[in-house]
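[1] model this:
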Amino acid sequence: MACPDFEELLRQGPGGHAAHCEECGALLEAWTDVDSILNTAIGNISAPPSLAAAVRMRIAREEDLRRPTPLPEILDFIGWAAVLTLCTVLVPLFLPLINQALAKLS
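    Have a look, this model is predicted:
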């Protein structure tokens with residue numbers, strides 16, 4: 001949509017931006033028609049009382065399934081510890097070679 005996003009269009013209503021823009025006015029009018037048709041067709045239907053409890057239980061079950069494990073962080077720590085250990089061991093071994101190479105360049 002080239003004009004303001006849909007939430008802003010709904011917030012302003014027919015007296016806002018849609019009053020000056022034909023395209024947005026038509027869109028807002030179409031949505032108003034859809035809303036009235038849906039209210040007429042299914043406005044008296046309500047959810048069963050047990051639905052809210054069932055949805056809450058399902059959400060709780062889904063949240064339990066998505067809890068992250070600490071394994072990736074532990075593996076990252078082990079990897080970085082290995083890299084630091086290698087650097088600690090290898091750098092002193094190569095320092096004399098680096099010093100000799102720098103001395104030759106001078």
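[2] which stretches of the protein form helices?
    6-12, 22-42, 50-65, 71-105 (DSSP state H).
[3] weakest of those helices by average pLDDT?
    Of all those, the minimum mean pLDDT falls on helix 6-12 (a mean of 73).
[4] Which strands or helices does it pack on?
    Helix 6-12 sits against helix 22-42, with contacts defined as 3 or more Cβ pairs under 8 Å, 6 or more residues apart in numbering; DSSP states H and E. C-beta here means a position set from N, CA and C on the backbone, and glycine is covered the same way.
[5] for the helix it packs on, packing partners?
    Where contact means 3+ Cβ pairs under 8 Å, 6+ apart, helix 22-42 is packed against helix 6-12.
[6] which of the residues in the helix it packs on are buried?
    residue 9 (16 or more other Cβ atoms under 10 Å).
[7] CA atoms only for it, dumped as PDB, please.
    Listed next in PDB are the C-alpha coordinates belonging to helix 6-12 (Å, rounded to 0.1, in the frame of the first residue of the first chain):
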ATOM      1  CA  PHE A   6      -3.500  -0.100   7.300                       C
ATOM      2  CA  GLU A   7      -3.500   0.400  11.100                       C
ATOM      3  CA  GLU A   8      -3.100   4.100  10.700                       C
ATOM      4  CA  LEU A   9      -5.900   4.200   8.100                       C
ATOM      5  CA  LEU A  10      -8.200   2.400  10.500                       C
ATOM      6  CA  ARG A  11      -7.300   4.600  13.400                       C
ATOM      7  CA  GLN A  12      -8.100   7.800  11.400                       C
END
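[8] now that helix, how far from the chain's geometric center?
    Its chain's C-alpha centre and that of helix 6-12 lie 23 Å apart, by Cα atoms, centre = their mean, to the nearest Å.
[9] what's the answer for stretch 59-73, then?
    The answer for stretch 59-73 is 16 Å, by Cα atoms, centre = their mean.
[10] Quick one: end-to-end length of it, please.
    Start to finish, the residues bounding stretch 59-73 are 27 Å apart (Cα to Cα, to the nearest Å).
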